[in-house]
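Chemist: No sequence on hand, only this structure:
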């Protein structure tokens, strides 16, 4: 029984530690594991993480799960590259 408790505590520490790394130090706001962990966090923790990611990364596309928060509202999304249509090209 004591081993099971230690395993659960270890899992919580590892998952919480990775979430903290994702929020405060990750190089990519769309880190696969960080986004997944953030989805399962309580509402206040998700909001904090999304606000902190916005502060760190600025005008990038919102990570999955963060677009609903006000800090990410109005974030510019990169427009697709313009393709020349037939009317503007010369033969």
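Modeler: Thanks, I have it. Note that the coordinates shown come from a computational prediction; the quantities given were computed from them, not determined experimentally.

Chemist: only C-alpha atoms for contact and neighbour calcs from this point on.
Modeler: Will do.

Chemist: contacting residues for the residue nearest the centre of the chain?
Modeler: In the chain, the residue lying closest to the centroid (CA atoms, centre = their mean) is residue 63, at 3.6 Å. Neighbouring residues of residue 63 by CA atoms under 8 Å, 6 or more residues apart in numbering: 29-30, 35.

Chemist: from those, which is closest to residue 4?
Modeler: Residue 4 lies nearest to residue 35 out of those, by CA to CA, at 27.1 Å.

Chemist: Give the buried residues for the particular helix or strand that has that closest one in it.
Modeler: Assigned by DSSP states H and E, residue 35 belongs to helix 32-39. The neighbour-count check on helix 32-39 (16 or more other CA atoms under 10 Å) flags 34-35, 38 as buried.

Chemist: ditto for stretch 8-25
Modeler: Burial within stretch 8-25, assessed by neighbour count using 16+ other CA under 10 Å, is assigned to 18-19, 22-23.

Chemist: Alright, calling it a day.
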